[in-house]
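Chemist: Quick one, structure for this:
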Amino acid sequence: MAMNLIRMHDRVEIASRAEIADRFGARLKGLIGRSRFEAGEGLLFPKCNSVHMWMMSIPIDLVFLKKQASGWIVLSVHPGLRPWKLLPVGNFRADDALELPAGTIERAGLKSGEVLCIAS
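Modeler: Numbering: from 1, shown residues only. Here you go, the predicted model:
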């Protein structure tokens, strides 16, 4: 089931079709094997504070999130991660990780400290 994620203070859409990778197979595969990641898509990894880029064929933007009652606080943003980056990217304070198409962070002006929520 896809979610519509928005920034709370101005309702800017971050992802209109964010999927949740909450099963083992979906978490293991992630975006591996995908040749396209379209604007509006997203992939949320619950209980994830580190992401690798091995076997990825596309660049992505990465956002680490801390869960709270009203949504998620953005802890850190990592724009334009390149495929096959050897070391993982992490934020050990994060509860969840959100993968977005490259350019989303810049387009939305997404910054640490902002709050994301599911649009109703």
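Chemist: hang on, residue 22 packs against residue 43?
Modeler: No: using C-beta atoms under 8 Å, residue 22 is not in contact with residue 43; the gap is 10.8 Å. C-beta: built from backbone N, CA, C; applies to glycine.
Chemist: Which of the two has more residues huddled nearby?
Modeler: Each of residue 22 and residue 43 has its neighbours counted (other C-beta atoms under 10 Å); residue 43 has more, 21 against 11.
Chemist: residue contacts, the nearest residue to that one once chain neighbours are set aside?
Modeler: Leaving aside its sequence neighbours, residue 43 sits nearest to residue 99 (C-beta to C-beta, 6 or more residues apart in numbering; 4.4 Å). Residue 99 sits next to 30, 31, 37, 42, 43, 44, 45, 51, 60, 61, 62 when contact means C-beta atoms under 8 Å, 6 or more residues apart in numbering.
Chemist: Of these, which is the nearest to residue 7?
Modeler: residue 42 (13.0 Å; C-beta to C-beta).
Chemist: Run through who's touching stretch 62-70.
Modeler: 8, 49, 51, 72-78, 81, 89-91, 93-100, 105, 110, 115-117.
Chemist: err, stretch 104-120, not the other one
Modeler: 3-9, 11-15, 39, 42, 61, 63, 65, 68, 70-79, 98.
Chemist: Show the buried residues in those.
Modeler: 3-7, 14-15, 42, 61, 63, 65, 71-75, 77-79, 98 (16 or more other C-beta atoms under 10 Å).
Chemist: helix or strand for residue 10, which one?
Modeler: Assessed by DSSP states H and E, residue 10 sits outside every helix and strand.
Chemist: Next, count neighbours for residue 109.
Modeler: So residue 109, with other C-beta under 10 Å, has 10 neighbours.
Chemist: hang on, the earlier thing: inside strands: which ones of the contacts of stretch 104-120?
Modeler: 3-7, 13-15, 42, 61, 63, 65, 68, 71-79, 98 (DSSP state E).
Chemist: Quickly list what the residue nearest to the spatial centre of the chain is bridged to.
Modeler: By C-alpha atoms, centre = their mean, the chain has its centre lying nearest to residue 98, at 1.7 Å. Beta bridges link residue 98 to residue 44, residue 63 when assigned by DSSP bridges.
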